[in-house]
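# Just need the structure, nothing else, for what follows:
(chains A and B, ligands or ions: 2)
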Amino acid sequence: MEVVVSYLAWVAVAVFVLVGLYRMLRYASLPVFLRWELYPVPTEPRHHYGGSYMEEVDFVKKARHHTRIGGLIDMASEVFLLKKLKDYNQFGLWPFSFLMHWGIYLLFLWFLLLAVEARLKLGVFTGLVNFLGPVAFISGAFGSLGLILKRVGNDKLGSYTTPEDYFNLIFLGAVFGSGLIAWSYADLTFDCTRALIKQALFFEASPLPVPFWVWLHLLLFELFLIYLPFSKLFHYAIKYLTFDKILWDDAFKVKDSPLDRKIAKQLSYIVSWAGPHIVPGKTWLEEAQLTDGGGEK
Amino acid sequence: MKEQKGLAFNRLAALTDEPLLKLDTKKLMPLPYLDAEPPVKPPPESWLEKYDLSLDWHSPVGVPKPKTEQEKAELVRRFLSGLGKLFDPQNNWTFLKILRLTTDYCMRCQTCSEACHVFVASGHQEIYRPTYRSEILRRLYRQYFTPSGKLLKSLVGADIELNYKLVIRLMEVSYRCNVCRRCAQVCPVGIDNGLIAREIRKLFSQEMGIAPKELYAKGTRQHLKVGSSTGMSVGGFKEAIEFIEEDIGDRTGRKIKIPVDKKGADILLIHNAGEYLSWPENPGAFAVLFDAAGIDYTLSSEPVGYDGVNYGLFCDDVELARIGLRHVQIAKKLGVRKIVVGECGHATKTLCVITDRVFPGDLSISEIPRESCLPLFWEIVKSGVIKLDPSRNNFPTTLHDSCNIARLMGIVMPQRNVVKAICPQFREMTPNGARNYCCGGGSGFAIMNELNFPQWRKKVSERMKTKQILEAFRDCLDPSQPKYVIAACSNCKGAMRDLIGHYGLWDKYRITYGGLVELIVNAMADLPKPFIELEFISNE
Ligand code: SF4
Ligand code: SF4
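Ligands and ions are numbered 1, 2, ... in the order given. Next comes the predicted model:
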């Protein structure tokens, strides 16, 4: 089984990266949409009160100032603190979600450090790795379990939660839970985990016997990596699109700009809606230019 | 009410005429400083026989009950056809990406719910929860248009029973959202339930021609064919201008000629035509202010050009593009340098933001700039070119922010700067600015008066604003002191008139409302008498 786990590690990382990229590109290639920004836009210098450049007379003639840092701070407060969930969620999801998310971050960091440690033969990470692992497992397991119980125990949340949502949480819980058991039951010093990681990285047989819970944990983590970009859990990457590319996209159109050219192309798409006011077979631009307003009603 | 697990969504498909919800004032969010309110009246039997009112006994549309099985099947077929088009890149390039992300990535955490004034004011009624309609659309899409939904069905939530009842109720519930997008502000994933409500409306309008009369038949259709969504013809517009010029004379003693169709003017000023009919003092105040400040502007008397309204914004992208395009073409023809939109939130956002990307290059904002009037007001006030006497506005005021202007355009401070300069007793309502609550008239509700929809609007969507206004004036409720709610938006003013009338805020507390420009003109030191009278005229 260790061999399967070793080879699967490469597959898992490849799927995680490539499918993730593919999905982002698929979304990015969807047509340019109408402006739909929502204030406060944190890349605006006036974001502290929700203001925008449109507060200025003749804004078109004035220089635009964007503060990338504002966007980064906002994004960071979402990623690391889950600020909106903390400030606005009324179901008490934040503490559990916070723990679960930090469990995931630390788990990724833990695996990364294990790989770096093995690859570069660095011993300096040993203490950190031995500390991070259990923290990630406990935090993640507690968080996932809490979220499951919250959803099961609350009618309002429960009636919206699909089996798929429960599966995601249970899967996460299983990754963390198996790690916790592997650590406490079979691998307190993570020596066996290190051996397995080495085996995966260098394709050499592990010098130590790898206990069931250790390879099971790794296997689950690998399967989770594969599953992640296909699932709703991919929202960690999607947020870049929903925030940065939609809610914060406040650019007005400039004639002959790349945006203008894209829109021109889309205005040549054919409208095939069947409403009585729509004249069949026309492009978007032609529909808009019907001076009598098109079809009857 | 305890929600039945798993059945929540399929309730929408229940083959019964019994409404899913009967509004009861006792269950609605309590209002402070009001002991009683008019009870909810059930619809008359004759309506129940004729229309499908099975969502909540209210409707802005009044879909006639389908009579035959064939008609029922046809409703479902057309709905599914439209649903497919919503997710098609050619037919819905305008919003597809946002729709897809919203459909695919909601984490069902319900963080958005408490941000919604409709949901909270209704006493947390499940059918008004921001995610309720989104979840149904999401599940239907998965069920009928994705392999995972077809294969895994209820495991991925693709388990909605689709019948004509669901189609009608889903359309209805899309008109229980003001599309104010306050819910999207708090969503940790950036998901937009307001957009989903609009997309559902769009499906019905663009595919089936079903939309509230005031938005569609008497809205965009009338606007494009007659010239204004109010039905006002070019002749009617010219008469309105003459009336306003006379009214200005009466109020100020000044003889002002309002410029119309002045070629090469600096600014094309476009008002919501509702102002000419309901609040002519507002365009009048613009004329006085711009005249005094020496602004070079013009109005247009071309059909569509004298009405800044664009009800396509609320339910139809094709109509949105048609009306927006006409506005900008008229500006180009007049040779003005830019368009300034009067006190109308949705018209401002539509021209300045939304329609920018449905026009060819030479009609871009870079070529014909579009702006709100509010920054211009502040420029005028700040410049000192007009002598203003704040003591003329020495009564309590509070400011309602139009969602379209504050949350959706980021115009927050100019109006505040003006108000602070001219209203000594100004106080903010809470929350305000970009975090404000909708007036309850947003996305066309303010003008939708079909059947008993006004009752729903007054009881539910305008309820939160009523509470905010009462709380803002809590220290000065004494009826001997008139108070003024500033609403620099035509539709918001409609909602103010509605709620003040319904809850008796003028009779009990002397609370009235009006625009911002009227207050500026009211403060003009060299006018012989006040420009405005603090009174309340109900539309009932
Ligand atoms: S829309 Fe956003 S806040 Fe609302 S349930 Fe979905 S993810 Fe949560
Ligand atoms: S857009 Fe506004 S009214 Fe609609 S669901 Fe969101 S908060 Fe409620």
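
# tell me which element residue B:256 falls in.
Under DSSP states H and E, no helix or strand contains residue B:256.

# quick one, phi psi at it?
phi -120, psi 130 (degrees, to the nearest 10).

# confidence score at it?
According to the prediction, residue B:256 has pLDDT 97.

# wait, it sits on residue B:245?
Yes - counting by Cβ atoms under 8 Å, residue B:245 is a contact partner of residue B:256 at 6.3 Å. Every residue, glycine included, has its C-beta placed from N, CA and C.

# where do the contact lists of these two overlap?
In terms of Cβ atoms under 8 Å, 6 or more residues apart in numbering or on different chains, residue B:256 and residue B:245 are both contacted by the residues residue B:287.

# ok, which residues in the stretch 101-250 of chain B are in contact with ligand 2?
Counting by Cβ under 6 Å from any ligand atom, the residues of the stretch 101-250 of chain B lying close to ligand 2 are B:115-116, B:118, B:130, B:177-183, B:193-194, B:197.

# okay if I get those residues as JSON lines plus distance to chain A?
JSON lines is the format used below for these (distance: Cβ to the nearest Cβ, whole Å):
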{"residue": "B:115", "distance to chain A": "7"}
{"residue": "B:116", "distance to chain A": "11"}
{"residue": "B:118", "distance to chain A": "16"}
{"residue": "B:130", "distance to chain A": "11"}
{"residue": "B:177", "distance to chain A": "15"}
{"residue": "B:178", "distance to chain A": "15"}
{"residue": "B:179", "distance to chain A": "11"}
{"residue": "B:180", "distance to chain A": "11"}
{"residue": "B:181", "distance to chain A": "6"}
{"residue": "B:182", "distance to chain A": "9"}
{"residue": "B:183", "distance to chain A": "10"}
{"residue": "B:193", "distance to chain A": "12"}
{"residue": "B:194", "distance to chain A": "9"}
{"residue": "B:197", "distance to chain A": "13"}
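
# any idea where the helices of the stretch 1-150 of chain A begin and end?
Using DSSP state H, counting those that start in this stretch, the helices found in the stretch 1-150 of chain A span residues A:2-28, A:68-81, A:83-88, A:94-120, A:126-153.

# Now do the third one, average pLDDT.
Helix A:83-88 shows a mean pLDDT of 97 in the predicted model.

# which secondary structure elements does it contact?
Helices and strands touching helix A:83-88, by 3 or more Cβ pairs under 8 Å, 6 or more residues apart in numbering or on different chains; DSSP states H and E, are helix A:94-120, helix B:182-186.

# Are there helices or strands packed against the first one, and which ones?
Spelled out, it's helix A:94-120. Right, helix A:94-120 is packed against helix A:83-88, helix A:126-153, helix A:163-181, helix A:191-202 by 3+ Cβ pairs under 8 Å, 6+ apart.

# Report the angle between that helix and helix A:191-202.
Angle, helix A:94-120 to helix A:191-202, by axes from the mean of the first three to the mean of the last three Cα atoms, to 10 degrees: 60 degrees.

# got the buried residues for helix A:94-120?
A:94-107, A:110-111, A:113-115, A:117-118 (16 or more other Cβ atoms under 10 Å in any protein chain shown).

# circling back: so which of the helices and strands packed on helix A:94-120 is nearest ligand 1?
With Cβ to the nearest ligand atom, the closest approach to ligand 1 among the helices and strands packed on helix A:94-120 belongs to helix A:83-88: 7.8 Å.

# want to try CSV for the residues of the stretch 101-250 of chain B next to ligand 2, with neighbour count, pLDDT and secondary structure as columns?
Shown next, in CSV, are these (neighbours: other Cβ atoms under 10 Å in any protein chain shown; pLDDT from 0 to 100; DSSP: H, G, I helix; E, B strand; the rest coil):
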residue, neighbour count, pLDDT, secondary structure
B:115, 22, 98, helix
B:116, 26, 98, coil
B:118, 26, 98, helix
B:130, 29, 97, helix
B:177, 29, 98, coil
B:178, 28, 98, coil
B:179, 26, 98, coil
B:180, 26, 98, coil
B:181, 28, 98, coil
B:182, 25, 98, helix
B:183, 27, 98, helix
B:193, 28, 97, helix
B:194, 28, 98, helix
B:197, 26, 98, helix
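
# Those: which ones sit near ligand 1?
Applying Cβ under 6 Å from any ligand atom to those, those adjacent to ligand 1 are residue B:193.

# now, among the residues of the stretch 101-250 of chain B next to ligand 2, which is nearest to residue B:334?
Nearest to residue B:334 among those: residue B:179, at 31.4 Å, using Cβ to Cβ.

# which residues touch that closest one?
Per Cβ under 8 Å, 6+ apart, neighbours of residue B:179: B:194-195, B:197-198, B:314, B:442-443.

# Show only the entries of these found in helices.
B:194-195, B:197-198, B:314 (DSSP state H).

# just curious, which of those residues is nearest to residue B:424?
Using Cβ to Cβ, the ones in helices among the contacts of residue B:179 come closest to residue B:424 at residue B:194, 36.6 Å.

# For the closest one, which non-adjacent residue is spatially closest?
Nearest non-adjacent residue to residue B:194, counting by Cβ to Cβ, 6 or more residues apart in numbering or on different chains: residue B:181, 4.1 Å away.

# Just the CA trace of stretch B:115-124, in CSV.
Listed next in CSV are the C-alpha coordinates belonging to stretch B:115-124 (Å, rounded to 0.1, in the frame of the first residue of the first chain):
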residue,chain,number,x,y,z
ALA,B,115,-28.1,41.5,6.0
CYS,B,116,-31.4,41.4,4.1
HIS,B,117,-34.0,43.9,5.2
VAL,B,118,-36.8,42.0,3.5
PHE,B,119,-36.0,38.8,5.3
VAL,B,120,-35.5,40.4,8.7
ALA,B,121,-38.5,42.7,8.4
SER,B,122,-40.7,39.8,7.4
GLY,B,123,-40.0,38.2,10.8
HIS,B,124,-37.4,35.8,9.2
